[in-house]
Structures are given as structure tokens and as C-alpha cells.
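>>> need a 3D model of the following:
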Amino acid sequence: MSTSGWAGALLLTLSCAAPAQVAVLQIQVVEGDGAVHAPGSRAARSLVVRVIDETGKPVSGAAVSFHLPEDGPGGVFAGGLRTEVASTGSGGVVSVRGLRLNSIPGAFQIRIFASKEQARAGTISNQYVADARSGVAAQARSGVRKWIAVAALLGGGVAAGILTAGRAGGAASTQTPAAAPAAIAPTIGQPAIITVGKP
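Okay, here's the model as predicted:
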């Protein structure tokens, strides 16, 4: 076989042995999507994603980055930054832990990007920081119920006013309690003059 023939056969062998390049990536959020966090807390659950190719096969060695919003509801990752980067393992899975939430209530999104070779993919995970005021409101309603019980022991007029507020869901009512009927004062008629003996 000529030199050119050997070179061609070697090139063909190397081409067959080389792994096929990844053409398309897909990101699946496996765990942690839609989580609701207490304000100022550390996330109890990890955010776990899986990267697969166009055939559904897990992609190992893909670089995955997670990005938190710069302002508003959100927080920082365990390292104190708003961006975290990791690589997928043999099952195409990667996770981030230790997300620390801020105290701004509302919805936010974690943007997720994956890349390997020339392939790229992106997705989002919706997250929520709970409103601490909802807990305060619940405590306030509980407090109103306790005051209703105490006021009931003090008398009808006071209890009636607080019960009106209680029916309004804990909010102050514009209605005033009915006034108690005025006490009936005793009346004395015209004095009668009685003379005894001679005038």
C-alpha cells in the first residue's frame, strides 16, 4: 500500500475513534423549581438540573452557570456571589446548595446556562421569597381572638365593639358599638304640704 493509502486509512480510523461532538443541549430542572423561601433564610433544598443531548442521553462535563438577579427579591449563593458555576457529572447532573435569600418579598428567576463544545442551552427556575407580613397578620388575627375572649368577661358593651372588629377579619370596623341604655333616674312628684294643728 502506498504512503498516501496508509495516511488515508489512518485518518479514517482516527475519525471513527473520535467521539461525536454534542450538537444540541437541553436543561431539565430536576429539583428545587418553584421553591418558596422564608425571607433572610438559607434555602432548605438544592437546585438540581440535568443536562442531556438531543437524544436524551446525559451529557457529562458540561459547564453550567446559575445567575441570580442583581436587585429585588433574590440573594447570593454559598460563596457570597450572585453567580455559581459547576460541571455535570457522569449522569449529566449538577446542583447548587446554600442559597442565602434576602428579605425582599416576591418572585424571582434563577437563569441557568449550559455549554459543551459548540452547543449551548439556557432555561430559568422560578423561585419565591415569602412575605413576612403575612405571618404578622396571622398573629394579629390570633391576638384579636384572644382579646375577644377577655373582653367577653368585662361586659357586653366592650365585647360587642371588639366582636365587630373580629368579624371584619381583624381590621378596625367603622361601626361603633350600640350605646347602653341610660339608667332610669327616680322622679319625685309635686311635694304635698300637710299642716298639723292650727296654722
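
>>> my guess is R133 is in a strand, correct?
No: assessed with DSSP: H, G, I helix; E, B strand; the rest coil, R133 is helix; it does not lie in a strand.

>>> identify the residues contacting the residue lying closest to it once chain neighbours are set aside.
Nearest non-adjacent residue to R133, counting by CB to CB, 6 or more residues apart in numbering: P105, 7.8 Å away. Every residue, glycine included, has its C-beta placed from N, CA and C. Applying CB atoms under 8 Å, 6 or more residues apart in numbering to P105 gives the contacts 39, 73, 129-133.

>>> 10 Å instead?
Contacts for P105 (CB atoms under 10 Å, 6 or more residues apart in numbering) come out as 39, 72-73, 128-134.

>>> swap in D71?
Each residue near D71 by CB under 10 Å, 6+ apart is listed here: 102, 104, 108.

>>> got a pLDDT number for Q21?
What the model reports for Q21 is a pLDDT of 76.

>>> ok, it to G92 distance?
For Q21, the distance to G92 equals 16 Å [CB to CB, to the nearest Å].

>>> can you check H37 too?
For H37, the distance to G92 - CB to CB - is 26 Å.

>>> again with A23
For A23, the distance to G92 (CB to CB) stands at 15 Å.

>>> so these two - more neighbours on which side?
Shown here are A23 and G92; by other CB atoms under 10 Å, G92 has more neighbours (25 against 11).

>>> nearest residue to the more buried one in space, please, no chain neighbours.
Using CB to CB, 6+ apart, the closest residue to G92 is P58 (2.8 Å).

>>> show me what the one you found bridges to in the sheet.
Using DSSP bridges, the bridge partners assigned to P58 are I52.

>>> neighbours of it, just the number please.
So P58, with other CB under 10 Å, has 16 neighbours.
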